[in-house]
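J.: Just the structure for this:
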Amino acid sequence: MEIIKLRDEYIKLGQALKAAGLIETGAMAKDVITEGLVLVNGEIETRRGRKLYDGDEIIFDGKKISIRK
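T.: Numbers count the residues shown, from 1 in each chain. The predicted structure follows:
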């Protein structure tokens, strides 16, 4: 499991995927998110700008990412 440490109050979903190294560009993030391939806290999320806070979890391509303060 990958852990992303927050520098601010939140991180946006597309930025989190890039920070975890699961995608390379913002355009790729937009594509995988709008196609419904990303889960946030166990539910499909289609908004690239979804704000993630401490304790949120992302699953994409079989990999789990935890957001921590």
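J.: use CA for all of it now, contacts and neighbours both
T.: OK.
J.: how many neighbours does Ile59 have?
T.: Neighbour count for Ile59, taken as other C-alpha atoms under 10 Å: 19.
J.: which stretch of helix or strand covers the residue lying closest to Gly26 once chain neighbours are set aside?
T.: The shortest distance from Gly26 to any non-neighbouring residue, by C-alpha to C-alpha, 6 or more residues apart in numbering, is to Gly14 (6.5 Å). Per DSSP states H and E: Gly14 is located in helix 13-19.
J.: which other residues reach that helix?
T.: Identification of contacts with helix 13-19 by C-alpha atoms under 8 Å, 6 or more residues apart in numbering yields 4, 23-26, 29-30, 33, 47-52.
J.: Likewise for stretch 42-60?
T.: So stretch 42-60 is in contact with 6, 9-14, 29-30, 33-41, 64-69, going by C-alpha under 8 Å, 6+ apart.
J.: Would you work out how far apart the start and end of it are?
T.: The straight-line separation of the ends of stretch 42-60 (C-alpha to C-alpha, to the nearest Å) is 11 Å.
J.: Please renumber the chain so that the first residue is 280 from this point on.
T.: In the new numbering, first residue 280, that becomes stretch 321-339.
J.: Give me the buried positions along that stretch.
T.: 323-325, 327, 331-332, 336-339 (16 or more other C-alpha atoms under 10 Å).
J.: same thing with stretch 287-302?
T.: 289-290, 292-296, 298-299, 302.
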